[in-house]
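J.: kindly generate the corresponding structure for this input.
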Amino acid sequence: MSVEFSERFDSRSTAVLISTAGAFGLPLFAFVQPDFIAVGGMKYLVLIWLFTAFSFGATFYLGRLTNAQFAVLGFGGMLGVAWSAYLVTDPAAARAIVALLAAIPVIAAMGSSRRVTVTFTLFAMALAVSLSTINATSNVAVIVAGGAAVITVFVPVFMVAALRKSLGAVLLKVAKLGDTDPLTGVLNRRGLLRRNGELLERIARTRQSIGFMMIDFDNFKFVNDSYGHAAGDAVLVAAIDVVEETVAQRSIISRFGGEEFVVMTESESPGDIVDLAEQIRRRIQTECGVTVSIGAVHAPLIRSATGQPNIDDVVDFLTRQADRCMYAAKDTGRNKVISRTCAPIVWVPGPAAEPRVEFVAGERRIGILELVRRRSAPHTHRQAAMSLVDHQVV
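T.: Alright, predicted model coming up:
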């Protein structure tokens, strides 16, 4: 039940429900003690109560309010609070009701835009100052009462807004850490799936093609065994620095695990992605003292507005094709680039599916990127190499 409630109402809508529900009992006090309300004020109090009931019912029906819906209910709510404070005859009760004006800007600060929050805050301050100083007997009383009214509204709004900003920064940092490889600083698989929308939109808009590379270091176990894993890590970092310097700034680089990296970029022609891969291969060999085998794929992209989002399938397909080319490069001597051109890929924009891991009968199954595993029989790689050898570039 709590999950269903949280899906239907966000924090702002929940706060509206709580605040409006708390005002339902106000007319009862007027009936119990008629002199609690100014003469002739009961009919106005009933109107305020009806608007409060309407706000509660509308929020309960709509669930998550839009900014426009919240603006209408919020401004009406602040006018209702101010009017109630004006109708109450007891000064202590009136001051307490005036303090409630801060509640609506605070609720706005929980989930509204900055413009809505600032507007609500200024409006609440103006109402609070007007009501607090209406019966002031001196200039000093006006200053004290007005200043207290401003602080009463501003401080809680500022605290909620500051907390929201801090929380947003933390969540952004957590999301970035979750999408980033901690060693090299490039994206991980999850980050590749989540961060490629802008690149694919640009490729589709400019009618270019996807260039996709799978880069795997040759005999990297020898580096780790001979010089230690710290030295191996340093080589990976240096090599990825070379890749970042070589590819276009808007390209996406991702670590797929171990010493495997992929590059997704724009490609004008099959020769374009091959030339880029060759530059990377030569620079890594010259500047880092290790060699790499690279599988390069060139694939035209077609953007479709119909169907289910399929970025998982697109990356899965490109990975498998580049994977085959890369293993063909390894099986035919290593330290080379082998490429292939694929048929046009249809891409439906939308978020990637979250990875799911299920344990069934002791086997792990990954919901996305069912990659072609590297532990198949050696003759399988030799067959792939023979079928792709005509694409080889030395």
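J.: where do the strands sit along this structure?
T.: Assigned strands in the chain, in chain order: 209-217, 252-257, 260-267, 292-303, 337-341, 345-347, 357-360, 363-366, 392-393 (criterion: DSSP state E).
J.: tell me which of those strands is the most buried.
T.: Of all the strands of the chain, strand 209-217 carries the top mean neighbour count, a mean of 26, counting by mean count of other CB atoms under 10 Å. C-betas here are computed from N, CA, C, even on glycine.
J.: mean confidence score for it?
T.: For strand 209-217, mean pLDDT rounds to 95.
J.: other SSEs contacting it?
T.: Strand 209-217 sits against helix 197-206, helix 229-246, strand 260-267, helix 270-288, strand 292-303, helix 311-331, with contacts defined as 3 or more CB pairs under 8 Å, 6 or more residues apart in numbering; DSSP states H and E.
J.: for that strand, C-alpha coordinates in PDB please.
T.: What follows is strand 209-217, C-alpha atoms only, in PDB (Å, rounded to 0.1, in the frame of the first residue of the first chain):
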ATOM      1  CA  SER A 209      26.300   6.600 -39.100                       C
ATOM      2  CA  ILE A 210      27.400   5.000 -35.900                       C
ATOM      3  CA  GLY A 211      31.000   4.200 -35.500                       C
ATOM      4  CA  PHE A 212      31.500   1.600 -32.800                       C
ATOM      5  CA  MET A 213      34.800   0.100 -31.600                       C
ATOM      6  CA  MET A 214      35.700  -2.700 -29.300                       C
ATOM      7  CA  ILE A 215      39.200  -2.300 -28.000                       C
ATOM      8  CA  ASP A 216      41.000  -5.200 -26.200                       C
ATOM      9  CA  PHE A 217      44.600  -5.200 -24.900                       C
END
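J.: redo the strands of the chain as CSV? Include distance to Thr133.
T.: Listed next are the strands of the chain as CSV, based on distance: least, CB to CB, whole Å:
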stretch, distance to Thr133
strand 209-217, 66
strand 252-257, 59
strand 260-267, 63
strand 292-303, 60
strand 337-341, 77
strand 345-347, 62
strand 357-360, 63
strand 363-366, 66
strand 392-393, 81
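J.: Leu17 is nearest to which of those?
T.: With CB to CB as the measure, strand 357-360 is the member of the strands of the chain nearest Leu17 (37.4 Å).
J.: just for the stretch 101-250 of the chain, where's the confidence low?
T.: 175-176 (pLDDT under 70).
J.: just tell me which of the strands of the chain ends up closest to Ala82.
T.: Between Ala82 and the strands of the chain, the tightest spacing by CB to CB is seen for strand 292-303, at 52.1 Å.
J.: just want the angle from the closest one to helix 197-206.
T.: With axes from the mean of the first three to the mean of the last three CA atoms, to 10 degrees defining the directions, strand 292-303 sits at 60 degrees from helix 197-206.
J.: using CSV, write out every CA atom in strand 292-303.
T.: C-alpha atoms of strand 292-303 as CSV (Å, rounded to 0.1, in the frame of the first residue of the first chain):
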residue,chain,number,x,y,z
VAL,A,292,45.6,-3.6,-28.8
SER,A,293,43.2,-5.5,-31.1
ILE,A,294,40.3,-3.5,-32.3
GLY,A,295,37.0,-4.5,-33.9
ALA,A,296,35.4,-1.6,-35.7
VAL,A,297,31.8,-1.4,-36.9
HIS,A,298,30.1,1.2,-39.2
ALA,A,299,26.3,1.2,-39.1
PRO,A,300,23.8,3.7,-40.6
LEU,A,301,21.2,4.8,-38.1
ILE,A,302,17.5,5.3,-38.6
ARG,A,303,15.5,7.0,-35.9
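J.: can you put the helices and strands packed on strand 209-217 in JSON lines and add distance to Leu50?
T.: Below are the helices and strands packed on strand 209-217 laid out as JSON lines (distance: least, CB to CB, whole Å):
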{"stretch": "helix 197-206", "distance to Leu50": "47"}
{"stretch": "helix 229-246", "distance to Leu50": "63"}
{"stretch": "strand 260-267", "distance to Leu50": "58"}
{"stretch": "helix 270-288", "distance to Leu50": "67"}
{"stretch": "strand 292-303", "distance to Leu50": "51"}
{"stretch": "helix 311-331", "distance to Leu50": "50"}
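J.: that older thread, tell me which of the strands of the chain lies nearest to Ala96.
T.: Evaluated over these, closeness to Ala96 peaks at strand 357-360, with 54.0 Å, by CB to CB.
J.: these two touch, right, Phe317 and Val346?
T.: No - taking CB atoms under 8 Å as the definition, Phe317 is not a contact partner of Val346, at 10.5 Å.
J.: how close does the closest residue to Cys342 other than its chain neighbours get to Asp181?
T.: Residue nearest to Cys342 in three dimensions, not counting chain neighbours: Ala299, with 4.1 Å by CB to CB, 6 or more residues apart in numbering. Ala299 sits 25 Å away from Asp181, taking CB to CB, to the nearest Å as the criterion.
J.: hmm, back to that, out of the helices and strands packed on strand 209-217, which comes closest to Arg190?
T.: Set against Arg190 and scored by CB to CB, these come closest in helix 311-331, at 11.0 Å.
J.: angle of the closest one against helix 197-206?
T.: 90 degrees.
J.: tell me the domain boundaries of this protein?
T.: 2-177, 189-393 (automatic domain parsing).
J.: which ones are touching Ala15?
T.: Going by CB atoms under 8 Å, 6 or more residues apart in numbering, Ala15 touches 106-107, 110.
J.: now those in a markdown table, with distance to Val98?
T.: Listed next are the contacts of Ala15 as a markdown table, based on distance: CB to CB, whole Å:
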| residue | distance to Val98 |
| --- | --- |
| Val106 | 15 |
| Ile107 | 17 |
| Met110 | 21 |
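J.: of the residues you listed, closest to Ala169?
T.: Ranked by distance to Ala169 (CB to CB), those are led by Met110 at 16.4 Å.
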